[in-house]
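Visitor: Have a look at this prediction, sequence included:
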Amino acid sequence: MAHHDGRFGTATARIKVTKIEPLGLDVPNVCRLCRRPACVAACPTGALYRDEALGVVRVKAEKCIGCLACADECPFGMVMLHPETELPLICDLCDGDPACVKRCPTSAIIYAEESTIACEKRACAAIFDRRRAYLEPVGGFLTKAKGARWGHLRPSWAQRSTAGQSLNKGAAQ
């Protein structure tokens, strides 16, 4: 969904969606906005630099030689080349108004301060840990223990206990 080219499409998008078919998941992946970006350090011409105001990596097109050193060094695989200009495609947060956030039909992508996101993650983890106490492993899935009031989770989301043992010793049997 590249707004930079005046068109929307996946070929020049700075966000990539990974499909995990067995789980039925579509996971959005985007530049991690590293504080010490490996892509910038790898650039032999200085075409990449970190914009400290927004925290994004920017490209000086006139200096880029298209060597792909930036793509090779990104530990998350989020630097791709534009199919026409052959310049690196790196998320720049659309200058603070990300198009992907606006266009995501399920609101799976948010744009917020790190502290806000961290707080939400901690709250979700606390709720999950509390609910996990009501789960027990059954046939490859964690299902609610007898008397519990909560549904199903895939085992990859939670720690498995020894088969047949409840994750909550005090759960009603």
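Guide: In hand now; what should we look at?

Visitor: so what does the helix or strand hosting R50 touch, helix or strand wise?
Guide: Using DSSP states H and E, R50 maps to strand 48-51. Judged by 3 or more C-beta pairs under 8 Å, 6 or more residues apart in numbering; DSSP states H and E, the packing partners of strand 48-51 are helix 38-42, strand 56-59. The way it works is simple: take the backbone N, C-alpha and C, and place the C-beta from them, glycine included.

Visitor: and those as a markdown table, adding mean neighbour count?
Guide: Below are those laid out as a markdown table (neighbours: other C-beta atoms under 10 Å):
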| stretch | mean neighbour count |
| --- | --- |
| helix 38-42 | 17 |
| strand 56-59 | 20 |
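
Visitor: Could I get those in TSV, plus columns for mean pLDDT?
Guide: Conversion of the helices and strands packed on strand 48-51 to TSV gives the following (pLDDT from 0 to 100):
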stretch	mean pLDDT
helix 38-42	97
strand 56-59	94
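
Visitor: Serialize these to JSON lines and add fields for distance to V30.
Guide: As requested, the helices and strands packed on strand 48-51 are exported to JSON lines (distance: least, C-beta to C-beta, whole Å):
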{"stretch": "helix 38-42", "distance to V30": "14"}
{"stretch": "strand 56-59", "distance to V30": "11"}
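
Visitor: and the strand holding R50, C-alpha only, in CSV?
Guide: This file holds the C-alpha atoms of strand 48-51, laid out as CSV (Å, rounded to 0.1, in the frame of the first residue of the first chain):
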residue,chain,number,x,y,z
LEU,A,48,20.8,6.1,4.2
TYR,A,49,20.5,8.2,7.4
ARG,A,50,18.4,8.1,10.5
ASP,A,51,16.0,11.1,10.8
